[in-house]
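J.: I'd like to go over a predicted model; first the sequence, then the structure.
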Amino acid sequence: MTDSFRMRNILLIFAVALAMTAGAQNLRRATRVTLPATPRSVQFSPSGQQVAVLAGDDKLRLINLPSGQVLLAVDAQDKRRITAFAYSGDGRWLAVGDRAGAVSLIDSRSGSVAKKWTAAEKGIDTLVLSADGSKLAVGAGDLPGRVWDTASEPALRLTTHPEFGGLTSAAFSSDAHLLLTADGDTVVRLYDVNSGKKLASNRDLLLESFGTAFIPDGHYAVVGGADPAILFFDPATGKTKRKLGSHPGVVDSITAAPDGKHLIVTYFDATGLTKPMPILYWDIATEKSQVISDGKGVIGCGVAKDQIWVATAKDNTLELWRWE
Amino acid sequence: MIGKFSLSRREVLERCIAFGAVTLAGSLTPSLAAAAWEQHERNLSPTPACELGPFYKRLAPNTGEMRHPGDPGMPLSISGVVYNMRGEVLPDATLELWQTDHLGHYDLEGYRYRAVLHSDSKGAYAAESVIPGHYPDRVCQHVHYLITAPGHKPLITQLYFATDPVFEGDPAKNYNRDPLISSRELVRPVMLVGDPKDVHASVHFELVLEKA
């Protein structure tokens, strides 16, 4: 790590501490649930009614919000470990991928498996469902990304075209007409989901990206990862319009806040990968950030019904926090 | 390799048999043996792929000198040859190598321990570096490779070191302690060279690309 990078981190930690003492908004615990095994990762249903939790016993549990009641548990089938899961934008569907490349589409209300198919030849790393659940983007190892049409019998709609490396992050536009991808070759691409055509690409980032999002008004697509800035670019042309720095670590995920004016950004530590990293709430206009969480014990973060949620885990206990 | 010598494999084998350097089993004729030998030589398996990893960086410098004078860590010379599956050398391959420093840190701001190399007329490549360090979340020391050559599929793989303490001296048995190591073939023997005052490690890693 260079001295300038170290100094930048020190200043940022100072800024984070200052923001925490200012305490404009705080995390308030909504519920606490004890599970049979340690919770490892979570996804919040955008409906605000439930959260999916993957625990150390390889079971995926759907938990009611805010009561914390476990609604049902989905087992990893045939010893195929669950490796990724994601809700549709309306919260109706939950896609679950395993290490054999199979994807199940589960009705989150009943828990029944509506569809199951082999979506990739490798273990699934990335799953993104469109708002209505009719399109599913799948990333698996170094394979090109795929988009499946899930409205009827699952059908392959689009295969992405990286020069090398697989899909590291993807996002659908709110109408599911556009797919934004970040690939291992560090290039960001935009595709027309219906025609499968590549519309634009952006090569302004030198390192891999792990977070992608569309700003709800469609004005910007945003992408961030190991590069020092988050890039805002025009989805029509792929051209960079602005950059947002300074970040405490590698961007792990970007979620656009429903107001279209803020980003929720999670990070990981490139130097150790184990150090807790803050979750920041960035104001796009002022480029100032507030701390949502210091990252300690955090296993997930999301937006549900215009509310920002954070999940933490300690031993077998899951705690769900509202940022208010 | 094939194409570099004036005698064919068949002619070499016939001479070896004549001079007693090779003895054939009773079921083999010289022509059968030569055909089988040629078949083996012309069907190299592609080098096993391995994950790209999260810290690839575009536009690395064109240099084989990843190690700067005075850099801490065990000096490492990496060399090898790039082939196609017929065993022919690929003189126009581009290799991108990247790794951590000896403490297990990737340089994200600059290009330390990142290099772009080009194979020479004999398909050979070489670089000077240090043995990379371990870091949390990743079991073994490794060097990332991205190899491209016209008419061939890009190959993304990683080089591992047989001396890595994780293998406890037995990489054949223990290579899968790192779940990312897809094949024992990627764990290469390490040769210690130089004199006692200037020992450094040397690793040879041959690469085989598949046709596009």
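T.: Okay, I see it. Residues are numbered from 1 along each chain as shown, chains lettered A, B, ... in the order given.
J.: use CA for all of it now, contacts and neighbours both
T.: OK.
J.: hmm, A:A120 is touching A:D98, no?
T.: No: counting by Cα atoms under 8 Å, A:A120 sits too far from A:D98 to count as a contact (9.9 Å).
J.: I'd assumed A:L180 was in a helix, is it?
T.: No: assigned with DSSP: H, G, I helix; E, B strand; the rest coil, A:L180 falls outside any helix and is strand.
J.: re earlier: which residues are common contacts for A:A120 and A:D98?
T.: When Cα atoms under 8 Å, 6 or more residues apart in numbering or on different chains defines a contact, no residue borders A:A120 and A:D98 alike.
J.: so the closest residue to A:D227 other than its chain neighbours bridges to which residues?
T.: Residue nearest to A:D227 in three dimensions, not counting chain neighbours: A:L207, with 5.5 Å by Cα to Cα, 6 or more residues apart in numbering or on different chains. Note on A:L207: beta-bridge partners B:K57, judged by DSSP bridges.
J.: help me confirm that A:L207 comes into contact with B:F55.
T.: Yes: between A:L207 and B:F55 a contact is recorded at 6.5 Å, counting by Cα under 8 Å.
J.: where does the chain dip in pLDDT?
T.: Unless you meant another one, I'm taking chain A. Across chain A, the ranges flagged by pLDDT under 70 are A:1-24, A:77-79, A:272-273.
J.: wait, chain B
T.: B:1-9, B:38-42.
J.: run the last query once more with 50
T.: Residue ranges of chain B with pLDDT under 50: B:1-4.
J.: how about the strands in it?
T.: Along chain B, counting by DSSP state E, strands occupy B:75-84, B:94-98, B:114-118, B:124-130, B:142-148, B:155-161, B:187-188, B:191-193, B:200-204, B:207-209.
J.: could I get the ones you listed in TSV, plus columns for distance to chain A and mean neighbour count?
T.: Listed next are the strands of chain B as TSV, based on distance: least, Cα to the nearest Cα, whole Å; neighbours: other Cα atoms under 10 Å in any protein chain shown:
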stretch	distance to chain A	mean neighbour count
strand B:75-84	18	21
strand B:94-98	12	23
strand B:114-118	12	23
strand B:124-130	17	22
strand B:142-148	9	21
strand B:155-161	8	24
strand B:187-188	20	20
strand B:191-193	29	14
strand B:200-204	25	19
strand B:207-209	14	24
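J.: now whatever residue is furthest in space from the centre of chain B: how far from B:A33?
T.: No residue in chain B sits farther from the centre than B:G26, which is 36.9 Å out by Cα atoms, centre = their mean. Applying Cα to Cα, to the nearest Å, the value for B:G26 to B:A33 is 11 Å.
J.: over to A:P278?
T.: Here the criterion is Cα to Cα. By it, A:P278 lies 66 Å from B:A33.
J.: more neighbours, the two?
T.: More neighbours surround A:P278 than the other of A:P278 and B:A33, with 23 against 17 (other Cα atoms under 10 Å in any protein chain shown).
J.: which residue packs closest to that one, ignoring adjacent ones?
T.: In space, A:P278 is closest to A:D294, 4.1 Å off (Cα to Cα, 6+ apart).
J.: residue contacts, that neighbour?
T.: A:276-279.
J.: ditto for A:A236
T.: A:199-200.
J.: mind checking how far it is from chain B?
T.: From A:A236 across to chain B, the span is 24 Å (Cα to the nearest Cα, to the nearest Å).
J.: show me the domain layout of chain B.
T.: Listed domain ranges for chain B are B:9-41, B:75-209 (source: automatic domain parsing).
J.: which of those domains sits closest to A:D315?
T.: Of all the domains of chain B, domain B:75-209 sits nearest to A:D315, with 19.7 Å by Cα to Cα.
J.: for the stretch 201-324 of chain A, what lies in contact range of chain B?
T.: A:206-208, A:226-228, A:270-274 (Cα under 8 Å from any Cα of the partner chain).
J.: what residues does chain B have near chain A?
T.: B:51-52, B:54-59, B:104-109, B:135-137, B:154, B:156.
J.: could you redo the last one with a cut-off of 6 Å?
T.: B:56-58, B:105, B:136 (Cα under 6 Å from any Cα of the partner chain).
J.: tell me the two of those residues that are most distant?
T.: B:R58 and B:P136, at 24.0 Å, using Cα to Cα across those.
J.: still on that earlier bit, right, and the domains of chain B - which one's nearest A:A176?
T.: Comparing these against A:A176 with Cα to Cα, the closest turns out to be domain B:75-209 (31.2 Å).
J.: next, format the residues of the stretch 201-324 of chain A next to chain B as CSV and append secondary structure and neighbour count.
T.: Formatted as CSV, these follow (DSSP: H, G, I helix; E, B strand; the rest coil; neighbours: other Cα atoms under 10 Å in any protein chain shown):
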residue, secondary structure, neighbour count
A:L206, coil, 20
A:L207, strand, 24
A:E208, coil, 28
A:A226, coil, 29
A:D227, coil, 24
A:P228, coil, 22
A:A270, coil, 21
A:T271, coil, 18
A:G272, coil, 14
A:L273, coil, 16
A:T274, coil, 12
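J.: what segments of the stretch 51-200 of chain A are strands?
T.: Taking DSSP state E, counting those that start in this stretch, the strands of the stretch 51-200 of chain A run over residues A:59-64, A:70-75, A:82-87, A:93-98, A:102-107, A:113-118, A:126-129, A:135-139, A:146-149, A:155-159, A:167-172, A:178-183, A:188-192, A:198-202.
J.: among those, which is nearest B:S77?
T.: B:S77 sits nearest to strand A:178-183 of all these, at 30.9 Å, using Cα to Cα.
J.: what's the spacing between that closest one and its chain's center?
T.: Computed by Cα atoms, centre = their mean, to the nearest Å, the chain-centroid distance of strand A:178-183 equals 13 Å.
J.: can you check stretch A:153-165 too?
T.: Counting by Cα atoms, centre = their mean, stretch A:153-165 comes out at 19 Å from the chain centroid.
J.: ends of it, how far apart?
T.: One end of stretch A:153-165 sits 28 Å from the other (Cα to Cα).
J.: so for that stretch, what gets flagged as buried?
T.: A:154, A:157-162, A:164-165 (16 or more other Cα atoms under 10 Å in any protein chain shown).
J.: could you dump those residues into TSV with distance to chain B added?
T.: Converted to TSV, the buried residues of stretch A:153-165 look like this (distance: Cα to the nearest Cα, whole Å):
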residue	distance to chain B
A:P154	28
A:R157	24
A:L158	21
A:T159	17
A:T160	16
A:H161	13
A:P162	11
A:F164	7
A:G165	6
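J.: among those, which one lies nearest to B:F19?
T.: A:F164 (50.1 Å).
J.: ok, and the closest non-adjacent residue to the closest one?
T.: Closest residue in space to A:F164, ignoring its immediate chain neighbours: A:D185 at 5.7 Å, by Cα to Cα, 6+ apart.
J.: thank you kindly, that will do.
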